[in-house]
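I'd like to go over a predicted model; first the sequence, then the structure.
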Amino acid sequence: MQHQNLSISKTRLNIQISSELKDKLFRISAMQGKKVSVLVRESIEEKLKQDEKRIFDEKMKSAYLDLAKENIEVSEDFKYVDAEKVL
């Protein structure tokens, strides 16, 4: 079976961080046996996933609240319809 060589385009990013953060990063990467670049990449990916989920959840909540408001308004428009049938 031949493995496909899926080439992922990579780019370099230079950032500035505090000395304290750098020390923590190197300490944790050593404890986990990972390269610093791998730990940084995984951390960024995880943070972005969390942010995307939070944004999605906020949009869904807003949409549900808008729909609930619309349903209440429709209910208000028809609340006297049943009373008219009885008369």
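Right, received. Where do you want to start?

Touching, Phe26 and Val36? I think so.
Yes: between Phe26 and Val36 there is a contact under CB atoms under 8 Å: 6.3 Å. Heads up, the C-betas are built off the backbone N, CA and C, glycines and all.

can you list the weak-confidence ranges in the protein?
1-7, 81-87 (pLDDT under 70).

For it, just list every one of the helices.
Secondary structure of the chain (DSSP state H): helices at 19-32, 36-77, 81-86.

Ok, which of those comes nearest Leu13?
helix 36-77 (9.1 Å; CB to CB).

now the closest one, how far from the chain's geometric center?
Here the centre of helix 36-77 is set off from its chain's centre by 7 Å, with CA atoms, centre = their mean, to the nearest Å.

go on, stretch 11-27?
For stretch 11-27, the distance to the chain centre is 23 Å (CA atoms, centre = their mean).

hmm, who's touching that stretch?
Under the contact criterion CB atoms under 8 Å, 6 or more residues apart in numbering, stretch 11-27 has outside partners 36, 39-40.

Kind regards, and thank you for your time.
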